[in-house]
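Participant: Structure for the following, please:
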Amino acid sequence: MAVVGFALVAIVVLALLVAVHRYIWRRFVGDTTTAGSPLRRAGTVAAYVLPLLSVGALVSGRSGVPFWLQQVLAWPGYLWLAALLYLTLALLVGEAVRPLLRRLLARRAAGSPAGAAPVPETASAASDAGAAAAGTRTAAPPAAVPAADTSSRRLFVARAVGGAAAVAGLGTVGYGTYGVLRGPRVKRVTIPLARLPRSAHGFRIAVVSDIHLGPVLGRDHTQRIVDTVNRTQPDLIAVVGDLVDGSVADLGPAAEPLARLRSRHGAFFVTGNHEYYSGAAQWVDHVRELGLHPLENSRVEIAGFDLAGVNDIGGESEGHGPDFDRALGDRDRTRAAVLMAHQPVLIDEAVAHGVDLQLSGHTHGGQLWPGNYIAELSNPTVAGLERYGDTQLYVTRGAGAWGPPVRVGAPSDITVVELASRQA
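Facilitator: Okay, here's the model as predicted:
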């Protein structure tokens with residue numbers, strides 16, 4: 001039954017993609033170019049090649065394709081997915097404008113003297129004479145609109161709406177790509193903890209999540225993140241999962257700048273779901289070699305509070321899922337506890353185990369609007385700080401991007417969480 005269900009979903013998704021691409025082709029190519037023209041041929045070729053590149057980008061990482069080929073496919077393939085979304089949305093807005101523009105042009109043509117059809121003089125004179133003899137007055141026949149004029153207006157409207165949609169859609173993707181490649185911005189938030197002692201008041205944790213090193217975002221991306229984190233001079237660095245999309249063999253060099261992370265109490269790491277697609281055990285060993293401290297269902301005592309970390313839910317298929325009893329079961333409940341857990345959905349377990357603050361990522365804040373509304377369906381908090389009972393949950397939007405290196409309405413961030421003691 002599961003296989004049948006998956007097949008049905010795949011068929012529906014495939015049919016939807018075919019329909020959307022057909023719509024895109026018709027509005028951008030079929031309606032704006034003439035049959036047999038070089039522009040129409042080029043647009044038709046692109047309508048077949050671009051979706052194939054997107055499929056290649058999506059499947060190449062898990063099909064043993066050489067990394068250099070993954071990189072070749074990733075940029076055009078992933079960017080087309082983002083462009084497809086925003087070009088479609090722009091065209092749908094254009095559908096409301098299209099009939100209004102046609103009516104406006106038709107009225108202008110009808111009201112223009114140049115738009116009236118000429119009446120031959122002989123026919124006009126004969127008509128006037130006949131009307132005079134009969135003592136009646138005949139109204140002038142309505143002017144016919146030449147088919148060429150109608151066709152010309154239709155082409156003008158198609159090109160105007162298509163051009164505006166292309167500028168809006170591609171402009172949105174371009175700006176969203178710039179935001180990712182520029183690197184994350186620093187966000188600061190102060191979070192009071194009831195059990196935090198005065199000695200730990202003002203303790204600063206740099207929270208980094210969803211870096212997503214892969215065929216698109218590489219070593220330069222890592223270096224930008226490291227430089228940004230180090231400039232904040234944090235007391236501790238928390239890397240809360242989804243560091244990579246690929247193997248240590250392919251992405252080890254891209255992760256090397258992490259060895260230059262600096263803070264008073266070190267850098268700590270927990271797995272995200274994407275680590276389990278990429279060889280989690282090897283990555284845990286590798287980040288340890290880079291100087292980060294993996295927290296695999298474990299905790300450490302920091303100045304004034306306990307820092308715990310649990311594996312991601314994705315590890316359950318390998319027998320290495322989150323284990324809150326191991327991480328928090330025997331701790332001193334009079335001490336404040338800060339938990340690193342990649343997915344916000346673990347908040348219920350955190351509440352049950354008396355955690356004061358959970359630090360998470362995973363959602364990307366939706367990454368591509370209106371994706372935030374979809375993310376809300378499966379996550380208790382998509383971004384920011386919320387309270388659940390006596391536990392507070394902070395979700396960062398992440399420092400990178402998965403799939404398309406594009407963010408719209410959900411800018412990437414590195415959050416500096418400053419802990420505040422209520423006893424101060």
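Participant: Who are the packing partners of the helix or strand harbouring Ala206?
Facilitator: Assigned by DSSP states H and E, Ala206 belongs to strand 204-208. Packing partners of strand 204-208 (3 or more C-beta pairs under 8 Å, 6 or more residues apart in numbering; DSSP states H and E): helix 219-231, strand 236-240, strand 413-421. C-beta here means a position set from N, CA and C on the backbone, and glycine is covered the same way.
Participant: now with 10 Å?
Facilitator: strand 185-193, helix 219-231, strand 236-240, strand 267-270, strand 336-340, strand 357-360, strand 391-395, strand 413-421 (3 or more C-beta pairs under 10 Å, 6 or more residues apart in numbering; DSSP states H and E).
Participant: angle of it against helix 219-231?
Facilitator: If you take axes from the mean of the first three to the mean of the last three C-alpha atoms, to 10 degrees, strand 204-208 sits at 170 degrees to helix 219-231.
Participant: ok, strand 204-208: who's next to it in the sheet?
Facilitator: With DSSP bridges as the test, strand 204-208 is paired with strand 236-240 (parallel), strand 413-421 (antiparallel).
Participant: quick check: mean pLDDT across the last one?
Facilitator: Translated: strand 413-421. Averaged over strand 413-421, pLDDT sits at 97.
Participant: Same check on the first one?
Facilitator: Model confidence over strand 236-240, given as mean pLDDT, is 98.
Participant: just to revisit the earlier point, in the strand holding Ala206, what counts as buried?
Facilitator: Residues Arg204, Ile205, Ala206, Val207, Val208 are the ones in strand 204-208 that count as buried (16 or more other C-beta atoms under 10 Å).
Participant: Distance check, the first one against Gln233.
Facilitator: Looking back up the chat, that one is Arg204. In this view, Arg204 and Gln233 are 8 Å apart by C-beta to C-beta, to the nearest Å.
Participant: Need the overlap of contacts for those two.
Facilitator: Counting by C-beta atoms under 10 Å, 6 or more residues apart in numbering, the residues touching both Arg204 and Gln233 are Ser263, Arg264, Val416.
Participant: show me what contacts the first one?
Facilitator: Under the criterion of C-beta under 10 Å, 6+ apart, the neighbours of Ser263 are Arg204, Ile205, Ala206, Val229, Asn230, Thr232, Gln233, Pro234, Asp235, Leu236, Ile237, Ala238.
Participant: looking at it, Leu53 is touching Gly77, isn't it?
Facilitator: Yes: using C-beta atoms under 10 Å, Leu53 is in contact with Gly77, at 4.0 Å.
Participant: Give me the more crowded residue out of the two.
Facilitator: Gly77 (25 against 19; other C-beta atoms under 10 Å).
Participant: Look up which helix or strand the more buried one falls in, please.
Facilitator: Gly77 belongs to helix 67-111, assigned by DSSP H and E.
Participant: out of the strands paired with strand 204-208, which comes closest to Tyr175?
Facilitator: For the strands paired with strand 204-208, proximity to Tyr175 was assessed by C-beta to C-beta; strand 413-421 is nearest, at 16.8 Å.
Participant: Dump the C-alpha coordinates for that closest one into CSV.
Facilitator: Backbone C-alpha positions of strand 413-421 (Å, rounded to 0.1, in the frame of the first residue of the first chain) are rendered in CSV as follows:
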residue,chain,number,x,y,z
ASP,A,413,20.6,34.6,10.1
ILE,A,414,23.1,33.7,12.8
THR,A,415,21.5,34.4,16.1
VAL,A,416,23.3,35.5,19.2
VAL,A,417,21.2,34.4,22.2
GLU,A,418,22.1,36.3,25.3
LEU,A,419,21.0,34.5,28.5
ALA,A,420,19.6,36.7,31.3
SER,A,421,19.3,35.7,34.9
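Participant: Off-centre distance for it?
Facilitator: Counting by C-alpha atoms, centre = their mean, to the nearest Å, strand 413-421 is centred 24 Å from the centre of its parent chain.
Participant: Same question for stretch 55-73.
Facilitator: In terms of C-alpha atoms, centre = their mean, the centre of stretch 55-73 is found 20 Å from the chain centre.
Participant: now do stretch 26-46
Facilitator: Its chain's C-alpha centre and that of stretch 26-46 lie 29 Å apart, by C-alpha atoms, centre = their mean.
Participant: And stretch 53-72, by the same measure?
Facilitator: 19 Å.
Participant: Okay, buried residues for that stretch please.
Facilitator: Leu53, Ser54, Gly56, Ala57, Leu58, Ser60, Gly61, Phe67, Gln70, Gln71, Val72.
Participant: check contacts around the first one.
Facilitator: By C-beta under 10 Å, 6+ apart, the residues touching Leu53 are Val72, Leu73, Ala74, Trp75, Pro76, Gly77, Tyr78, Leu79, Trp80, Leu81.
Participant: What of the fifth one?
Facilitator: Residues in contact with Leu58, defined by C-beta under 10 Å, 6+ apart, are Leu73, Ala74, Gly77, Tyr78, Leu81, Gly403.
Participant: wait, which of the residues you listed is closest to Arg41?
Facilitator: Of these, the one sitting nearest to Arg41 (C-beta to C-beta) turns out to be Gly77, at 22.1 Å.
Participant: Excluding sequence neighbours, find me the nearest residue to the closest one.
Facilitator: Ala57 (2.9 Å; C-beta to C-beta, 6 or more residues apart in numbering).
Participant: Next: His342.
Facilitator: Gly241 (3.3 Å).
Participant: Hmm, that neighbour is touching Gly272, no?
Facilitator: Yes: with contact defined as C-beta under 10 Å, Gly241 reaches Gly272; the gap is 2.5 Å.
Participant: Of the two, give the one with the bigger neighbour count.
Facilitator: Between Gly241 and Gly272, counted using other C-beta under 10 Å, the more crowded position is Gly272 (32 against 27).
Participant: ok, back up a step: okay, the strands paired with strand 204-208, which one's buried deepest?
Facilitator: Highest mean neighbour count among the strands paired with strand 204-208 (mean count of other C-beta atoms under 10 Å): strand 236-240, with a mean of 27.
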